[in-house]
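Asks: sequence-free structure coming up:
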C-alpha cells in the first residue's frame, strides 16, 4: 500500500474530491475529508450569490473516498472502481463553500466484480448526506 492513499485514485484535480484520509482499513472502511473552497467552477452556477455544493458532487466525493478503501485492498489493486449505482440517498443539510465534509464509507459486500458500501458525509457533526453506493470494478 502507498503512503498516500489518495494517489490510488485515478481522479485528478479539478475532479478529485478527497483532501485527506484520516482512517483506513483496506477493503473495509475509510474516513476521509474534503473542503470545497468555493473556487470550484460549479459554484458559479449553483447558485449565483448563494453557493451550495451540488448533491451529485457530494455523492461523487463519497464514491471517491470509497474507491480508496477498495483500491487499498490488494485484491483490487490496479482496478478502476466505477460508480455503478446509488440507493437510499437522503440529503439532510445544505453544504456551502469552506465547510468540510467528513466522509465515512463502510464496505458491505465485495466481490471480484464490485460491491456495495454504506456512506455518510457530515459537516460539524451534522449529517449532510447518506447513501448506499454500488461499485463496479473495471
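Replies: Arrived safely. What you see is a predicted model; the values in this text were computed from it and never measured. Numbers count the residues shown, from 1 in each chain.

Asks: quick one, what contacts the nearest residue to residue 19 once chain neighbours are set aside?
Replies: Nearest non-adjacent residue to residue 19, counting by CB to CB, 6 or more residues apart in numbering: residue 34, 5.1 Å away. Glycine gets a C-beta too; all of them are placed from N, C-alpha and C. The contact partners of residue 34, by CB atoms under 8 Å, 6 or more residues apart in numbering, come to 17-19, 61, 65, 100-101, 103.

Asks: Swap in 7 Å and give it another go.
Replies: 17-19, 61, 101, 103 (CB atoms under 7 Å, 6 or more residues apart in numbering).

Asks: Using JSON lines, lay out the residues you listed together with secondary structure, distance to residue 27 and pLDDT.
Replies: As requested, those are exported to JSON lines (DSSP: H, G, I helix; E, B strand; the rest coil; distance: CB to CB, whole Å; pLDDT from 0 to 100):
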{"residue": "17", "secondary structure": "coil", "distance to residue 27": "21", "pLDDT": "98"}
{"residue": "18", "secondary structure": "coil", "distance to residue 27": "17", "pLDDT": "98"}
{"residue": "19", "secondary structure": "coil", "distance to residue 27": "22", "pLDDT": "98"}
{"residue": "61", "secondary structure": "helix", "distance to residue 27": "20", "pLDDT": "98"}
{"residue": "101", "secondary structure": "strand", "distance to residue 27": "22", "pLDDT": "98"}
{"residue": "103", "secondary structure": "strand", "distance to residue 27": "17", "pLDDT": "98"}
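
Asks: Please report how far the most centrally placed residue in the chain lies from residue 105.
Replies: The residue lying closest to the centre of the chain (CA atoms, centre = their mean) is residue 62, at 2.0 Å. Taking CB to CB, to the nearest Å as the measure, residue 62 and residue 105 are separated by 6 Å.
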